[in-house]
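Just a sequence and a predicted model for now, questions to come.
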Amino acid sequence: MPRIQSFPQWKVKNASQNYEGTVGLFTYPVLQAADILLYKSTHVPVGEDQVLHLELARDIAQHFNKKYGNFFPVPKAILSTTKKVKSLRDPTAKMSKSDPQKLGTLNITDSPEEIVLKFRKAVTDFTSETNKKLMNLFTGWSEVLSLH
């Protein structure tokens, strides 16, 4: 528990909830590690914000293997050169499936009409101070589009 409480995601989410967090906050990194280990993954594509979760999976695999024999491969990170994709509604925030602003995220299940609507409602500029952040948003999207 102390290890998970040291994760940056825990600290940010916990601070925003004004209490000591939820079981979901504790179990998410463990479930992510279980998903990796279940399929005996050797290489896992992760973003910079998920490296600690992969390290947890690596540590669990090493500890298990030490105690019970070589069973799990120790997964290695494949770090993407793509930057974080920014929210369509808040260019200062990362796009996230848990974002309460549903217009801020693109989902794989979105229809073409929904995607067009979300881009039409996207923040383009609201102060001159955010121009740099806005350029980061466009840079992030150009990187996403380059993946296809």
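Ah, there it is.

Local confidence estimate at Glu20?
Looking at Glu20, its pLDDT stands at 64.

Apologies, that question was intended for Phe126.
What the model reports for Phe126 is a pLDDT of 59.

before we move on, what about Gln50?
Looking at Gln50, its pLDDT is 82.

Tell me the helix or strand right after the worst-scoring helix or strand of the chain on mean pLDDT.
Least confident helix or strand of the chain, by mean pLDDT, DSSP states H and E, is helix 8-17 with a mean of 58. Downstream of helix 8-17, the next assigned helix or strand under DSSP states H and E is helix 23-38.

If you count contacts, what does that following helix end up packed against?
Judged by 3 or more Cβ pairs under 8 Å, 6 or more residues apart in numbering; DSSP states H and E, helix 23-38 is in contact with helix 2-5, helix 8-17, helix 51-68. All C-beta atoms are positioned from the backbone trio N, CA, C, and that covers glycine.

I'd like the next helix or strand past that helix.
Sequence order places strand 43-46 as the next helix or strand after helix 23-38, per DSSP H and E.

quick one: strands adjacent to that next one?
With DSSP bridges as the test, strand 43-46 is paired with strand 76-79 (parallel).

Convert the partner strand to PDB, retaining C-alpha atoms only.
Extracted C-alpha coordinates of strand 76-79, given in PDB (Å, rounded to 0.1, in the frame of the first residue of the first chain):
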ATOM      1  CA  LYS A  76      10.000  -4.500 -20.600                       C
ATOM      2  CA  ALA A  77       8.700  -1.100 -21.400                       C
ATOM      3  CA  ILE A  78       8.300   0.100 -25.000                       C
ATOM      4  CA  LEU A  79       8.200   3.900 -24.600                       C
END
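
any idea of the mean pLDDT in the helix or strand following it?
Using DSSP H and E, the helix or strand that follows strand 76-79 in sequence is helix 112-120. Averaged across helix 112-120, the pLDDT comes to 92.

Check which residues of helix 112-120 are buried.
By neighbour count on 16 or more other Cβ atoms under 10 Å, the buried set for helix 112-120 is Lys118.

Check stretch 71-90 too.
So, applying 16+ other Cβ under 10 Å, buried residues of stretch 71-90: 72, 75, 77, 84-90.
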